[in-house]
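A.B. asks: okay, structure incoming, though there's no sequence with it:
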């Protein structure tokens, strides 16, 4: 028997560590007993939205195990204590997990390794969360990449691992055996599993398939509609996307009113679908597009347009996910520090009233407010709009990107440390391969270009419904009387974009040690 520790891999299919622990390809191993541990150190960085979504994903995973005659152990406490105790209670040969690459996760895993070593229990970690290990793709000089384009070229040329086999019922510890091991599924392990004087304070609860409510973990039920969770929902979403939308992804993905993106980010974040399964499906879609276009293997016609090119554009988004993962892996300090330091430091303005208006979606810039309200209502925001609202916070409000990152971490259901940090530092011109400081989004032209009919804006900003799109996109140009007559409940712009643009340029020049007047 082997204990498999689920973390950000809430699935049975295409799960490398689970397949190894279950002995799907090695008859000498298995069966696997799955466990999830609610770690208080991890929960300290969580949010209402993400805890609810995590519980939904765990419920779907539990159902998948139950369909196979098994179940999942659910524990609360310090993994350094929980995992050795569970391994002893189950008489497990080893504890197995898939690697996570954030600084917090690596510190946690190092502690678990030490605890298992001290207990004389074998442990094993596998590469699973990304196609290519964060340390595997380097420059010719042996350094980590800081420019995406060069990283992408190597990423796309690398062979990918095959899908991991899915465990069957015989590969898993049965539900009855799990209950027997933890004393019938109550609050304590079986005799000999936990020494009360040493371990009980660190293990709040161990049960079989009994998931806590958010309140049990110190969180509230979110108001946002989070959508479905689990592998079945992920596959349905992927199939729908690859059946049609992906073939125009490059042309349509920046328009938030159109259903042109995969909406897989939350499923990938919680590992409810494997990255290998996802990538393989995109490869099949690309092959189908090339066959339909009359292109076969070895065709030298590398068109930059068309359905196959659109699929590759989506694959690039998967590569961006891994690019930022390797940035975080090699530079864990970027969670709180600028990747790119400026000679004199950036003198952020950080006006609390302006930041609060941005969070509420009451800036008087319609596309910005629509995005912030979508975030509040759905715990999600379209990617183009994420860039717009991030640029607005950092370049129009001159506020430190960390305010935005913290707000997104609290509100986004698909919050991923590496991706969100990379995106925010890109917008703030402080990150790796970041937008140049002098390239500043104009929120009015962004709205007019990517939401020309104001469909997205009016979906989330009801005060502007019924107005002509030109009036909405020209809101900043209207007089107070015109605004009062058109939409009395919608605010006037809280800042002047043109003025703030000049202030932002001066702020960054001073940070670079340059004369802002030159």
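C.D. replies: Structure's in. What do you need? Keep in mind the model is a prediction, meaning the values are calculated, not measured. Numbering: from 1, shown residues only.

A.B. asks: low-scoring pLDDT stretches of the stretch 201-350 of the chain, where are they?
C.D. replies: 201-204, 295-304 (pLDDT under 70).

A.B. asks: show me the contacts for residue 253.
C.D. replies: 260-261, 313, 383-384 (C-beta atoms under 8 Å, 6 or more residues apart in numbering). From N, CA and C alone the C-beta is placed, and that goes for glycine too.

A.B. asks: which residue packs closest to residue 166, ignoring adjacent ones?
C.D. replies: Nearest non-adjacent residue to residue 166, counting by C-beta to C-beta, 6 or more residues apart in numbering: residue 13, 4.5 Å away.

A.B. asks: make that residue 407, sorry
C.D. replies: Residue 407's closest residue in space is residue 359 (C-beta to C-beta, 6+ apart), at 5.8 Å.

A.B. asks: got the contact list for the helix or strand hosting that neighbour?
C.D. replies: Secondary structure from DSSP states H and E places residue 359 in helix 352-360. Contacting residues not belonging to helix 352-360 are listed as 363, 368, 372, 389, 392-393, 397, 399, 403, 407, 491, 494-495 [C-beta under 8 Å, 6+ apart].

A.B. asks: same check, this time on stretch 111-129
C.D. replies: Contacts of stretch 111-129 (C-beta under 8 Å, 6+ apart): 8-9, 15-17, 20-21, 79-81, 83-84, 87-88, 92-101, 109, 133, 161, 164, 271, 274-275, 325.

A.B. asks: could you tell me whether residue 4 really is in a strand?
C.D. replies: Yes - counting by DSSP: H, G, I helix; E, B strand; the rest coil, residue 4 falls inside a strand.

A.B. asks: dump the residue contacts of it.
C.D. replies: Residue 4 neighbours (C-beta under 8 Å, 6+ apart): 17-18, 21-22, 32-35, 95-97.

A.B. asks: need those in TSV (columns: secondary structure).
C.D. replies: Shown next, in TSV, are the contacts of residue 4 (three-state DSSP):
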residue	secondary structure
17	helix
18	helix
21	helix
22	helix
32	strand
33	strand
34	strand
35	strand
95	strand
96	strand
97	strand
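
A.B. asks: most neighbours, which of those?
C.D. replies: residue 21 (32 neighbours; other C-beta atoms under 10 Å).

A.B. asks: from the contacts of helix 352-360, pick the one nearest residue 73.
C.D. replies: residue 407 (34.7 Å; C-beta to C-beta).

A.B. asks: hmm, back to that, out of the contacts of stretch 111-129, which are buried?
C.D. replies: For the contacts of stretch 111-129, a burial check counting by 16 or more other C-beta atoms under 10 Å picks out 8-9, 15-17, 20-21, 79-81, 83-84, 87-88, 92-101, 109, 133, 164, 271, 274-275, 325.

A.B. asks: in helices only, show me those residues.
C.D. replies: The helices, defined by DSSP state H, take in 16-17, 20-21, 79-81, 83-84, 87-88, 109, 275, 325 from these.

A.B. asks: so which of those would you say is closest to residue 57?
C.D. replies: Checking those one by one against residue 57 (C-beta to C-beta), the nearest turns out to be residue 275, at 15.8 Å.

A.B. asks: roughly how far apart are that closest one and residue 45?
C.D. replies: For residue 275, the distance to residue 45 (C-beta to C-beta, to the nearest Å) stands at 23 Å.

A.B. asks: any low-confidence regions in the chain?
C.D. replies: Short version for the chain, where the test is pLDDT under 70: 184-204, 295-304.

A.B. asks: ok, and the closest non-adjacent residue to the residue nearest the centre of it?
C.D. replies: The residue lying closest to the centre of the chain (C-alpha atoms, centre = their mean) is residue 416, at 3.2 Å. Spatial nearest neighbour of residue 416, chain neighbours left out: residue 269 (5.1 Å); criterion: C-beta to C-beta, 6+ apart.

A.B. asks: which residue is the nearest non-sequential neighbour of residue 452?
C.D. replies: residue 469 (6.6 Å).
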